[in-house]
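Engineer: Kindly generate the corresponding structure for this input.
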Amino acid sequence: MTHRDPPTYAMPPEWAPHQRTFVSWPIQDSMVYPENFATVENWYLELVLAIAEFEPVAVLVNPEQLERVHAVIEERQAQIGHPVRTEIDLLLIPHNDAWIRDNGPTFLKDSAGHLAAVNWRFNAWGGKYTPWDLDDAVAPAILAHYNVTQFDAPLVMEGGSLHVDGEGTLLTTEECLLNPNRNPSYSREEIEASLRSYLGIETIIWLKHGLAGDETDGHVDNIACFAAPGQILIQVCDDPADENYAITQENLAILEAATDAHGHNLKIVKMPQPPRATYRGKRLTLSYLNFYFVNGGIILPVFGGAAAKTDEQAAAILQGLFPERQIRRIDGMPIIPEGGNVHCTTQQMPEGTL
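Structural biologist: Purely as a prediction, here's the structure:
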């Protein structure tokens, strides 16, 4: 069922209870480094099993992947010696790439607890990778499978480019949403109006830029996120010689001057930046803020080696903010050369009725 105007719905915050998490299985042909497919596939397997410790997981697989994915999940479960705590379902939904945060649906909820979702347009981060036709069809396929009411939005939009606090405030970056490779015919005001209409938000906080080297054109989920209404986590760089220093200091100043939808000043919590790392001469976009909320926990990417100290600091900061949640660490290094991490590879379906 498709409608154009969802006036009574709003996007819940990520920390609200989930029905399940969606993950898309990787596609070797679409990878930046296809020779690393075995390593990346194993990383996705570990991610799926980590999430399944907390909540059900629905894994999108292409038809030709079905038998293999089923086999590797069963084999890994046998190796660890105990079944996961929740179910893992395999969904036959074709896709070109495995970043479901960006091509999946954005779920909404009304005051009565009914679910709906936004189907944004998707163009592979401004046409950077081809083809993307299957990815653009992923959200409708998911919503049809679960019989979720679908609102078709006219905007090109990726889930990694926005965060909400669940109380009317949205966080994003100018670098991404105002980039002419996304919605060149839409003004800033028109984009803001669409976000308010489809996501049920009132106030938009615009940061300037995302982290250096981020090929998504500055997704906010690498640089800042809500920890609670009125509270924001931001990753900061303290080295003036690092290009992220000016970026993060500018964004920090914007947040310090901003107010939320209720007119309140924001409480800001600083997260340290991991030490600079490169892969084949290219800077990696390392971010602890690419973590993901699950029911009762947080899946946190850590980077090891030179980052061991900041790994501990990041885990301690999150544990202090969320003492009731288990901080479940996962090695973020195998996937980061492909351009994303835990948050980029997940999409939540909140609890609610259809």
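
Engineer: Which residue ranges of the stretch 101-250 of the chain form helices?
Structural biologist: 124-127, 133-136, 138-146, 174-177, 188-199, 243-257 (DSSP state H, counting those that start in this stretch).

Engineer: that's a strand at Leu90, yeah?
Structural biologist: Yes: counting by DSSP: H, G, I helix; E, B strand; the rest coil, Leu90 is found in a strand.

Engineer: how close does it sit to Val61?
Structural biologist: Separation of Leu90 from Val61 (CB to CB, to the nearest Å): 5 Å. Every C-beta, even on glycine, is put in place using the N, C-alpha and C of the backbone.

Engineer: repeat for Asp102
Structural biologist: With CB to CB as the criterion, Asp102 and Val61 are 18 Å apart.

Engineer: in the chain, what residue sits furthest out from the centroid?
Structural biologist: Ranking residues of the chain by C-alpha distance from their mean position (CA atoms, centre = their mean) puts Gly81 at the top, at 30.3 Å.

Engineer: related to what we said a few turns ago, packed most tightly, which of the helices of the stretch 101-250 of the chain would that be?
Structural biologist: Here the criterion is mean neighbour count by mean count of other CB atoms under 10 Å, and of these the winner is helix 174-177, at a mean of 21.

Engineer: got the contact list for it?
Structural biologist: 157-158, 161, 182-183, 191, 206-210, 216-220 (CB atoms under 8 Å, 6 or more residues apart in numbering).

Engineer: ok, so of the residues you listed, who is nearest Glu14?
Structural biologist: Glu14 lies nearest to Val220 out of the contacts of helix 174-177, by CB to CB, at 12.4 Å.

Engineer: which residues of the stretch 151-300 of the chain fall in strands?
Structural biologist: Secondary structure of the stretch 151-300 of the chain (DSSP state E, counting those that start in this stretch): strands at 163-164, 169-173, 203-207, 224-228, 231-236, 267-272, 278-279, 282-283, 292-294, 297-302.

Engineer: Could you point out which of those strands sits nearest Tyr9?
Structural biologist: strand 163-164 (12.3 Å).

Engineer: gap between the closest one and the chain center?
Structural biologist: Taking CA atoms, centre = their mean, to the nearest Å, the mean C-alpha location of strand 163-164 is offset from the chain mean by 10 Å.

Engineer: Each with direction, which strands does it pair with?
Structural biologist: Strand 163-164 sits in its sheet next to strand 169-173 (antiparallel), going by DSSP bridges.

Engineer: doesn't Ala212 make contact with Ser282?
Structural biologist: Actually, residue 282 is Lys. It isn't Ser. No: using CB atoms under 8 Å as the test, Lys282 is too far from Ala212 to be in contact (11.0 Å).

Engineer: Which of the two has more residues huddled nearby?
Structural biologist: It is Ala212, of Lys282 and Ala212, that has more neighbours when counted by other CB atoms under 10 Å, with 17 against 12.

Engineer: Verify the stated contact: that one with Thr248.
Structural biologist: No: applying CB under 8 Å as the test, Ala212 and Thr248 come out as separate, 9.8 Å apart.

Engineer: For the spatially closest residue to Gln326 that is not a sequence neighbour, give the beta-bridge partners.
Structural biologist: With sequence-adjacent residues excluded and distances taken as CB to CB, 6 or more residues apart in numbering, Gln326 is closest to Gly297, at 4.2 Å. Beta-bridge partners of Gly297, counted by DSSP bridges, are Val294, Gln326.
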